[in-house]
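> need a 3D model of the following:
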Amino acid sequence: MSDSVQEIPFIRKLVVVGIGLIGGSFAAGLKNRGACEEVIGISRNPDQAKQAVELGVVDRAFTSLDEIATELTDEDVIFIAVPTLSVEKVLLDIHRCVTAKVTITDGASVKGNVFIAAQKIFGQMPSEFVLGHPIAGSEKSGVTAANPNLYENHRVILTPVESTSAQHLLRVTQLWEILGAEVLTMTVEDHDDVLAATSHLPHAIAYSLVDTLAHDIANPNIFRYAAGGFRDFTRIASSDPVMWHDIMKANKAAILRSLDLFTDNLQRMRSSIEKEDSDYLLEVFSRAKEARDEYTKMLKQ
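Just a heads-up that it's a prediction; the model follows:
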């Protein structure tokens, strides 16, 4: 979708809690497209809040929801874009000071722990809370990394539950579509299982590989002669450590299942290399190439 401005704002106030890459990009994208009358940022860091206004990512910024809560009505939306284990604290603030008429959504990479936290805080899953996760990002972080076009041609997974209001679900869906994203829906459980395998496991592997090379292999030239493939494969190890620490803890069970499968396969490969089992190696490499090529075709489509 282009940056064409909406003639009529889609919502009144958009409040983004956490104005780093994910929240800042959401804020800047909807602001640039005229989808809301005003964009308000919330950051516990006053310097980041000030910078977000100076960069034009938001119109106003505060360090607490309390400073804006009384202004919010059923025409407004709150987007929670903080590290996964910090979402519960934000939900506590919302429950304490925000009217239940306001649409709430989030961008956390794990949905199960957010769902459980919401039930604990509100007594049940609030109908106005639409769980979500944009499948987009960058190894960069912070408000300076905010990109108004980050979500164009990327997928966003929403995980509505039985209590989710159709009205709030539609509003959140339309906001992501304004940003040029393709919106899909899944169950909370399916989301966490799929993302554990396709996102969380690769990050765990990349972090472990880089750490192994940097600290466990005593060779000062280890990175000097690394080729482009190494750079591409390990790029995600430059992602925000706090965010990924939270994800590994929040989606522990599903990630461990994926790690166990990978570890078993890696051990079989080690054994086949040791035994010079050419048949096994060629079978695995060929099967993997075929699967990777098919995945590439799917991306192009």
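
> below-threshold pLDDT in this protein: ranges please.
Residues of the chain meeting the criterion pLDDT under 70: 1-9, 139.

> swap the cut-off to 50 and go again
For the chain, applying pLDDT under 50 flags the ranges 1-4.

> find the centremost residue of it, please.
Ser109 (4.5 Å; C-alpha atoms, centre = their mean).

> what sits against the residue lying closest to that one once chain neighbours are set aside?
Nearest residue to Ser109, sequence neighbours excluded (C-beta to C-beta, 6 or more residues apart in numbering): Ile247, at 5.0 Å. The way it works is simple: take the backbone N, C-alpha and C, and place the C-beta from them, glycine included. Contacts for Ile247 (C-beta atoms under 8 Å, 6 or more residues apart in numbering) come out as 84, 109-110, 200, 203.

> Val39 should be in a strand, yeah?
Yes - Val39 forms part of a strand when assessed by DSSP: H, G, I helix; E, B strand; the rest coil.

> give me the neighbour count for the spatially closest residue to Arg155 that is not a sequence neighbour.
The shortest distance from Arg155 to any non-neighbouring residue, by C-beta to C-beta, 6+ apart, is to Ile135 (4.6 Å). Burial of Ile135, expressed as a neighbour count using other C-beta atoms under 10 Å, amounts to 16.

> got it, and Gln167?
Neighbours of Gln167 (other C-beta under 10 Å): 11.

> quick one: the strands in the chain, in order.
Using DSSP state E, the strands of the chain run over 11-17, 36-42, 60-62, 77-80, 103-106, 129-130, 132-135, 155-158, 182-185.

> just the CA coordinates for the fifth one, please, in CSV.
In other words, strand 103-106. C-alpha atoms of strand 103-106 as CSV (Å, rounded to 0.1, in the frame of the first residue of the first chain):
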residue,chain,number,x,y,z
THR,A,103,-9.8,-1.3,21.5
ILE,A,104,-6.6,-3.0,22.7
THR,A,105,-4.2,-5.0,20.6
ASP,A,106,-0.6,-6.0,20.8
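
> roughly how far apart are Gln119 and Val77?
In this view, Gln119 and Val77 are 21 Å apart by C-beta to C-beta, to the nearest Å.

> higher neighbour count, those two?
Legend: neighbour count by other C-beta under 10 Å for Gln119 and Val77, higher for Val77 (25 against 14).

> what residues are up against that one?
Residues near Val77 by C-beta under 8 Å, 6+ apart: 11, 13-15, 36, 102-105, 171-172, 175.

> same deal with Glu294?
Counting by C-beta under 8 Å, 6+ apart, Glu294 makes contact with nothing.

> separation between it and Arg287?
Noted for Glu294: a distance of 11 Å to Arg287, by C-beta to C-beta.

> let me see the ranges of the helices in this protein.
Ranges of helices within the chain are 21-32, 46-54, 87-97, 112-122, 166-178, 188-195, 201-211, 228-234, 241-250, 252-274, 278-300, based on DSSP state H.

> could you check the angle helix 241-250 makes with the third one?
Read that as helix 87-97. 90 degrees (axes from the mean of the first three to the mean of the last three C-alpha atoms, to 10 degrees).
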